Structures are given as structure tokens and as C-alpha cells.
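S.K.: Got a sequence here, can you model it:
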Amino acid sequence: MDKKINKPNKDTVLIEAVVAKADLDEVIKNVAESQKSEDEAANLESAKQFEAMQLIQEAIIEEGLKLATQPEIEFKEEKDGDLRITVACTLVPDVNLGKYTGFEVLKEEVSVSDEEVLEYVNQQIQSQDMWEDVDRPAQDGDQVVIDFIGVKDGVPFDGGSAENYPLILGSHSFIPGFEEQLIGIQKGEQKEINVSFPEDYFEASLAGAPVVFQVTCHAVKEKIAPQLDDAFIEKLGLENVKTVEEFKATSKEHMREIKEQEAKNKQAIEILDKVVADAQVEVPQKMIDQQVDQQLNELKGQLQQYGMQFDQYMQMAQTTEEEFRKQLEPQAVTQIKQALILIAIAEKEKIEATQEEIAQEYELMSNLYHMPAEQLQMFISDDVIRPQIVQRKTLDFLTKNNSK
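M.R.: The predicted model follows:
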């Protein structure tokens, strides 16, 4: 397959080739056999994509191309049955580094006052949701720890059973009437509760249905009012923390560590901003569009988690998607420039990720996701991990060589 490569501008490479009909037919035959498919249209499409990928890979290797975005592929069937493939590739732009050491950026000194510690400590204890066993009948606002089995027409139904379930009476987290009938229950007591599911219940087989719950109570607990005293602090069960003073000391160190990291991050951002400002790189529009697409997709995903559609968000923001994209472009350009400049510095300073560092990264992720490192490697390749490590090491290099 002969190919032509030309560069209409500094950002783009066009790759063109013609696949002879006989060669294409052979690929289609191989695809059909390997995929055990008799779908002619699908086999043709797979064959076309295969030839395009081969063309792109050959060009990358032979010409040393660095692609910035997904190639745009166009197929055209000629009259004689040959297939013309045209691929437009956006290239990673050249980076002309300026000054990237010796900026002497000062990291802010951090301190934590006693007033800040006291405010933090009070916030922490007020946020604690602690319960204590009591030997009395359950009251509204108490927590009961129960086993229950839900039965409809004499048969347990799916999702209607649980063991050691902590239920706060008055929380209205169960169907109407359930919690009210548990008022007065005591530890060790068994009780039969008769209720009906709401008519509009999401599970059609249970909507409006009368059911019986067999309930066993294992504990009745009342909420402990937060108090800044040694007795309450000890109940928190924190390691090596039994008194208010120990809690304050631990909290102060935690706050100092957070402030220290914030100061380091602020310094690193200031350094990177100076390095970017002193470098020269022209970002292709297609790279910007791709980065904006990524930001939009992330936003849409976050909105969905809160039950909001993107169109609703646009209406609330009183803007259009086109205008919103324009607003995102400056940030996208900055992010791309930062990434490209960090790569260029890493290459110039020969900053690399060692196999030992990659293995350590997998171990950290293993602890975070509670999954064996070997299993993680099946889903996340070294090619994903390595650039992240190199970027961190490059930022560390910049901080080390630009700190005052």
C-alpha cells in the first residue's frame, strides 16, 4: 500500500493511500474468518478500520509523528473497487523552553493558632455521630439495632431482610408505619410489624401490598451529646488520644500538615506559571477542542450524580453550550501548555520513571482500591502510570530548582 504524506500546515499531517480491491477483499475474508461473521457490511467496516490503523501506525513509525488527538479518517470507494483512505492527524506542537530554573519563588511560612485549633476541635466533635447502649424501651430519636425479615403472602420477598441493621427511629428511612411500631421495643425483644407499601412504590410487585416484618432487637442506643471533655474524647476511640489536650495536639499537627501542603501547592503553581509564561508553544485548536470536550464530559457526569441535566445547568447559568465552551477555552489552553512544557522539561532533563517507582505506584493504588497490584495491572497499564510519575518528578524538579 503506497502512501503519500504531506504537511499542509505546522499542526497537521495528511496521510493518503489507496488499497487495491484485491488486497481489501483478502482483508475482508480474514476478518470474516477471525470474527466468524457473515455480516458483509460489518466485515467491510472492520477491514477498512484495520487498513486505516495500519496506515497510521506505519506513518508514526516511519515519520516519527507525535499525534495530539485522535486522527480523522475518511474512506472513499473508487469506481474500480479500490479504497482511498485519507487521514488527518493533528501533531503535538513544538515547545520552545525559556527559563525554567532560578526563579527563586518563596514558599509561605505556615502557622496554626490556638484559636484555629479550638474552632477545628469543636467542629470535629460536633460532627461525631456517637451512640451509647441504654437499658430501657426505645424512644423517638433512639437508634435500634435490628434483624428483620419481610414477608408477603407468607413468603419472604427480595430486599426485605437484613441483620444488625442500625435504624434511627424518626428518620423516616423505612416505609410509613414501620419505625412508629418500634417505639417501646427493648433489647432482646421480638416483634411482628404489619405495614403496607405506598401505592407509588417503585417496585411494582410491592406497591400497595400489605406485608409483615419479623423484627428482633439486639440493642437500643441513645445519641451522646458532644462535649469537649476527656470522657467524650476517649469515646472517640482515636489511637493514642484519650484527653482534650492530646486531641488538640493531634489536631494542630494535622492542620499544620494541611497548611504546609497547601503552601507547597501554591508555590508549585506559581513556579509553573512563571515557567509557562517564559516558554513558547502554540496549541492547535483541535487540542483545545478535545480538552474542552473532556472538561464538559466531566461536568456532565458530576451533574448527573446530583440528578441534574446539562441543559438545566445551562439554563440556570443563563448561557449556551457554545458560549460555555468559549469560557472553558482559556483554562484548557493553560492545562495543555502546562502538560506539554512539563513533558519537554522531563525530556531535556532526562527525568524518567523507574520500574521500582512504577511498582511502588501500583502498591499505593492497591492499598487505595483494596485490589491486588497484579490485578490492577490488568486494567491500568504502565503506559498510564509512567507519565503520571514523570510529571510529579518534573514538578519536584521545578520546585527544588526554583525555591528561595
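
S.K.: buried set for the helix or strand harbouring residue 116?
M.R.: According to DSSP states H and E, residue 116 maps onto helix 114-126. Using 16 or more other C-beta atoms under 10 Å as the test for burial, helix 114-126 gives 117, 121, 125. (C-beta placed from N, C-alpha, C; glycine too.)

S.K.: helices or strands up against that helix?
M.R.: Applying 3 or more C-beta pairs under 8 Å, 6 or more residues apart in numbering; DSSP states H and E, one finds that helix 114-126 contacts helix 244-278.

S.K.: Need the residues that contact whichever helix or strand comes after the helix it packs on.
M.R.: Sequence-wise, the next helix or strand downstream of helix 244-278 (DSSP H and E) is helix 285-305. With contact meaning C-beta atoms under 8 Å, 6 or more residues apart in numbering, helix 285-305 is reached by 11, 68-70, 90, 93, 309-310, 312-313, 321, 324-325, 328-329, 331-333, 335-336.

S.K.: Now, those residues that are in strands?
M.R.: residue 90 (DSSP state E).

S.K.: For ChimeraX, write a command that selects the buried ones of the contacts of helix 285-305.
M.R.: Selection of buried members from these for ChimeraX, criterion 16+ other C-beta under 10 Å:
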select :11,68,69,90,93,310,313,324,325,328,329,332,333,336
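
S.K.: What lies in contact with the worst-scoring helix or strand of the chain on mean pLDDT?
M.R.: For the chain, counting by mean pLDDT, DSSP states H and E, helix 373-379 ranks last in confidence among helices and strands (a mean of 87). Residues outside helix 373-379 that contact it (C-beta under 8 Å, 6+ apart) are 359, 362, 363, 365, 366, 369.

S.K.: again, but for stretch 56-70
M.R.: 3, 5, 13, 15, 71, 87, 89-93, 284, 286-287, 290.

S.K.: Give me the buried subset of those.
M.R.: The buried subset of these - by 16+ other C-beta under 10 Å - is 5, 13, 15, 71, 87, 89-93, 284, 286-287, 290.

S.K.: Now tabulate those in a markdown table and tack on distance to residue 194.
M.R.: Formatted as a markdown table, these follow (distance: C-beta to C-beta, whole Å):
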| residue | distance to residue 194 |
| --- | --- |
| 5 | 79 |
| 13 | 74 |
| 15 | 74 |
| 71 | 66 |
| 87 | 70 |
| 89 | 70 |
| 90 | 68 |
| 91 | 72 |
| 92 | 69 |
| 93 | 72 |
| 284 | 69 |
| 286 | 65 |
| 287 | 65 |
| 290 | 59 |
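
S.K.: next structured bit after the helix holding residue 116?
M.R.: Next along the chain from helix 114-126, counting by DSSP H and E, comes strand 131-133.

S.K.: Residue 221 should be in a strand, yeah?
M.R.: Yes: according to DSSP: H, G, I helix; E, B strand; the rest coil, residue 221 belongs to a strand.

S.K.: How many residues are close by it?
M.R.: 18 (other C-beta atoms under 10 Å).

S.K.: Tell me which residues touch it, please.
M.R.: 131, 132, 133, 134, 142, 143, 144, 145.

S.K.: ditto for residue 151
M.R.: 157, 160, 211, 212, 213, 214.

S.K.: most neighbours, which of these?
M.R.: In the contacts of residue 151, the most neighbours by other C-beta under 10 Å go to residue 213, 21 neighbours.

S.K.: helix or strand for it, which one?
M.R.: strand 210-223.

S.K.: Just the C-alphas of that strand, formatted as CSV.
M.R.: The C-alpha atoms that make up strand 210-223 are tabulated as CSV, following Å, rounded to 0.1, in the frame of the first residue of the first chain:
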residue,chain,number,x,y,z
PRO,A,210,-49.6,-5.4,52.9
VAL,A,211,-46.5,-7.1,54.4
VAL,A,212,-45.3,-8.4,57.8
PHE,A,213,-41.9,-7.9,59.2
GLN,A,214,-40.5,-10.2,61.9
VAL,A,215,-38.1,-8.0,63.9
THR,A,216,-35.5,-8.9,66.5
CYS,A,217,-34.0,-6.1,68.6
HIS,A,218,-30.3,-6.5,69.5
ALA,A,219,-29.7,-3.1,71.1
VAL,A,220,-31.3,0.2,72.0
LYS,A,221,-28.9,3.2,71.8
GLU,A,222,-29.2,6.9,72.6
LYS,A,223,-27.2,9.6,71.0
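
S.K.: Can you identify the element that follows that strand toward the C-terminus?
M.R.: helix 230-235.

S.K.: How far off centre is that next one?
M.R.: Here the centre of helix 230-235 is set off from its chain's centre by 37 Å, with C-alpha atoms, centre = their mean, to the nearest Å.

S.K.: picking up where we left off before, derive a PyMOL selection command for the buried subset of the contacts of residue 221.
M.R.: This is how PyMOL selects the buried members of the contacts of residue 221, with burial counted by 16+ other C-beta under 10 Å:
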select buried, resi 131+134+142+143+144+145
